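*Asks:* my questions are about this predicted structure, shown below with the sequence.
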Amino acid sequence: SKFDLIVINGVIVTATDVIPCCIGIKDGKIHTLAPAFTSEEVGDARIIDAEGAYVMPGGVDAHVHLCQDLKTGPHGLGGECADNFETGSRSAAAGGTTTMITFATQTRDESDRSLIKVVEAYNARAEATGSYIDYGFHIIIVRNDEDVLKVELPALVKDWGITSCKLFMTYESQRLTDSQLLDVMLASQKNDITTMIHAENGDMIQWLTEKLEDKGMVAPYYHALSRPPIVEMEATNRAIALAGLIQNPVLFVHIGSAIAATNVRNAQTQGMPIYAETCPQYLNLTYDDLQRFHSPTCFENSKHVCSPPPPPGTSDQDELYLGLLNGTFTIFSSDHCPFRYDSPHGKLTGVLEDPSSMKDEAPCEGEALQDLVKRKPGSFRFIPNGIPGVETRLPLLFSGGLATGRITAQKFVELTSTNPAKLYGLYPKKGALMPGSDADLVIWHPQKTFKSFRLINSMLHHNVDYTPYEGKEFVNWPRYTILRGKVIWAEGELTGKAYDGEYLKRGPSYFGKGASKRPIDSRKTATWLH
Ligand code: URP
Ligand code: ZN
Ligand code: ZN
Ligand code: ZN
């Protein structure tokens, strides 16, 4: 027959349009969009009736940590990644996401000098379990080896389709100095690789952390006070200047404060190729969540420790929502960072008085154990940073943004699917409902008939023992998730398989080198460099 699958009675939403429309899918691709199909066209195709609900391109989550363990963990302080590619992608699928870009992380170990080897190792982890959804990698670069950058960046682009790197301005084991940042940015720019920056001033954080510890202010709540918004404000400001010096496009990951967003917006107003991401935690949590549980020192408050921390209050959240609406933020990603709470390397261990008193201490040996014992117990600084959220990303923005009228349906799709696909070289294969695009869809419930509910962690499909959104009310949830024409999530059940997902070789960014046609200002840019 003409189609393998058709979706009828849906209201399709793209980054530009909201239109009642039927979709015909053939061989895993969007084939036809039409007001209706004839019975001849329908033939024996499988029919999904959307019953008037929104039908959107599948979610593209451009910030997901999987299989990053201990010293290769995102914060370099230990912590054990509970989700692998199977469990992480399963959770993503159940939350309407069909594409994820995860991190392959270099470390400062000599054995990790080669970026290619790092990517091969992470890819082997993905292939070991398979993925329910399509996936790619960003490369995290923590050193500026000229020879490696020169030879390996072109190979990463050509052989692996890796067209983005992440650089850190904080975390002792990952941060680059300003000149190192410039080295890597320039090398990236030459290869049309998008530079993602974790912008926090590492020295400010270290200094404040020591001052807090001197005063005995070590409970999880003080994690927030060790990195007030000015920490992110300074770092974004500096990185914008560094990027401007060489006219390098930059995407700031996980922006958590209104004043950092203002820096981004000012740079954009000047025509600079500066982009930003924010995440559900910054719209849904505040400092108060770091003391939500029954006493300020309660271990459970470590569940909300992430970096940057959630903003101080709801007025910051309002500003961040405004940034979503007015274009300051290009993308909305989860920063899914799946540390368990109650486990030997979990978030709990960071606040224990005495780590050796932990229950369920798993037999762990060698370096890992040494690391654990060496930790100074009882301070927020030892809590693994990051919180899970790959499954709740779309539903949280639906409930908090779309259903409340804070953002439009088109904006929702732009931020969660179309723009991440454009930014990271996947468009229009992903992030679009054009004929020829991959038939990746998320179909919501009809808003009228959906009964809102309160989330509990056991409803989720990740391998983490908590959700920061426990008890939160959701007014909708993905009813179907479709990956290249295959239904992988339907009516509360996973119908896909761990090897449904494919590796994605990515192209250059739509927002890359060519995006800014503005004449270069030699007072701000070293024009002679190019
Ligand atoms: O706290 C966070 N965000 N941890 C994850 C690692 C990172 O920097 O993205
Ligand atoms: Zn980061
Ligand atoms: Zn408690
Ligand atoms: Zn992250």
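*Replies:* Cool, got the structure. Numbers count the residues shown, from 1 in each chain. Ligands and ions are numbered 1, 2, ... in the order given.

*Asks:* so the residue nearest the centre of the chain, which state does it fall into?
*Replies:* Note on the chain: the residue nearest the mean C-alpha position is His63, at 2.1 Å, using Cα atoms, centre = their mean. Here His63 is recorded as strand under DSSP: H, G, I helix; E, B strand; the rest coil.

*Asks:* now do His31
*Replies:* strand.

*Asks:* does it touch Val7 like I think?
*Replies:* No - with contacts counted by Cβ atoms under 8 Å, His31 stays clear of Val7, the gap being 11.6 Å. Every residue, glycine included, has its C-beta placed from N, CA and C.

*Asks:* list residues touching both of these two?
*Replies:* Common neighbours of His31 and Val7 (criterion: Cβ atoms under 8 Å, 6 or more residues apart in numbering): Ile25.

*Asks:* which residues touch the residue nearest to Tyr282 when sequence neighbours are not counted?
*Replies:* Leaving out its chain neighbours, the residue that sits closest to Tyr282 by Cβ to Cβ, 6 or more residues apart in numbering is Gly256, at 4.5 Å. Neighbour list for Gly256: Pro229, Glu232, Thr278, Cys279, Gln281, Tyr282, Pro308, Pro309, Pro310, Pro311, Leu320 [criterion: Cβ under 8 Å, 6+ apart].

*Asks:* my guess is the first one contacts Ile255, does it?
*Replies:* Think Pro229. No - counting by Cβ under 8 Å, Pro229 does not reach Ile255; the two are 10.2 Å apart.

*Asks:* overlap in contacts of these two?
*Replies:* With Cβ under 8 Å, 6+ apart, Pro229 and Ile255 have common neighbours Pro308.

*Asks:* now stretch 60-72: mean pLDDT?
*Replies:* Stretch 60-72 shows a mean pLDDT of 85.

*Asks:* same check, this time on stretch 286-300
*Replies:* Mean pLDDT, stretch 286-300: 84.

*Asks:* what stretches of the stretch 251-400 of the chain score poorly on pLDDT?
*Replies:* Within the stretch 251-400 of the chain, the ranges that satisfy pLDDT under 70 run 294, 296-297, 350-377.

*Asks:* which parts of it sit against ligand 1?
*Replies:* Within the stretch 251-400 of the chain, the positions near ligand 1 by Cβ under 6 Å from any ligand atom are His254, Cys306, Ser307, Asp335, Cys337, Asn385, Gly386.

*Asks:* for the closest residue in space to the third one that isn't next to it in sequence, which three-state class applies?
*Replies:* Spelled out, that is Ser307. Leaving aside its sequence neighbours, Ser307 sits nearest to Asn385 (Cβ to Cβ, 6+ apart; 4.5 Å). Here Asn385 is recorded as coil under three-state DSSP.

*Asks:* state the phi and psi torsions of Asn385.
*Replies:* phi -80, psi 130 (degrees, to the nearest 10).

*Asks:* burial measure for it, as a count.
*Replies:* By the measure other Cβ atoms under 10 Å, the count of residues near Asn385 is 25.

*Asks:* then the one helix or strand Ala128 maps to to PDB, C-alphas only?
*Replies:* In this assignment (DSSP states H and E), Ala128 forms part of helix 115-129. Only the C-alpha atoms of helix 115-129 are listed here, as PDB (Å, rounded to 0.1, in the frame of the first residue of the first chain):
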ATOM      1  CA  LEU A 115      39.600  11.900  21.200                       C
ATOM      2  CA  ILE A 116      38.900   9.200  18.600                       C
ATOM      3  CA  LYS A 117      39.700   6.500  21.200                       C
ATOM      4  CA  VAL A 118      37.300   8.200  23.600                       C
ATOM      5  CA  VAL A 119      34.500   8.200  21.100                       C
ATOM      6  CA  GLU A 120      35.200   4.600  20.200                       C
ATOM      7  CA  ALA A 121      35.000   3.600  23.800                       C
ATOM      8  CA  TYR A 122      31.600   5.400  24.300                       C
ATOM      9  CA  ASN A 123      30.300   4.000  21.100                       C
ATOM     10  CA  ALA A 124      31.200   0.500  22.300                       C
ATOM     11  CA  ARG A 125      29.100   1.200  25.400                       C
ATOM     12  CA  ALA A 126      26.200   2.200  23.300                       C
ATOM     13  CA  GLU A 127      26.500  -0.800  21.100                       C
ATOM     14  CA  ALA A 128      26.800  -3.100  24.100                       C
ATOM     15  CA  THR A 129      23.200  -2.400  25.100                       C
END
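
*Asks:* what residues of it count as buried?
*Replies:* Within helix 115-129, the residues that count as buried by 16 or more other Cβ atoms under 10 Å are Leu115, Ile116, Val118, Val119, Tyr122, Asn123, Arg125, Ala126, Thr129.

*Asks:* in the stretch 151-300 of the chain, what residue comes closest to ligand 1?
*Replies:* Closest residue of the stretch 151-300 of the chain to ligand 1, Cβ to the nearest ligand atom: His198 (4.9 Å).

*Asks:* before we move on, the earlier item: out of the residues of the stretch 251-400 of the chain next to ligand 1, who's the most crowded?
*Replies:* Neighbour counts for these (other Cβ under 10 Å) peak at Cys337, which has 30 neighbours.

*Asks:* surely it and Ile383 touch.
*Replies:* No - under the criterion of Cβ under 8 Å, Cys337 makes no contact with Ile383, lying 11.8 Å away.

*Asks:* ok so, going back, can you name the two of the contacts of Gly256 that sit furthest apart?
*Replies:* For the contacts of Gly256, the maximum inter-member distance is 15.4 Å, found between Pro229 and Cys279 (Cβ to Cβ).

*Asks:* export the buried residues of helix 115-129 to a markdown table and tack on pLDDT and distance to Lys429?
*Replies:* Listed next are the buried residues of helix 115-129 as a markdown table, based on pLDDT from 0 to 100; distance: Cβ to Cβ, whole Å:
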| residue | pLDDT | distance to Lys429 |
| --- | --- | --- |
| Leu115 | 98 | 25 |
| Ile116 | 98 | 24 |
| Val118 | 97 | 25 |
| Val119 | 98 | 21 |
| Tyr122 | 97 | 22 |
| Asn123 | 98 | 20 |
| Arg125 | 97 | 24 |
| Ala126 | 98 | 19 |
| Thr129 | 98 | 24 |
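
*Asks:* closest to Phe37 out of these?
*Replies:* Nearest member of the buried residues of helix 115-129 to Phe37, counting by Cβ to Cβ, is Ala126, at 37.4 Å.
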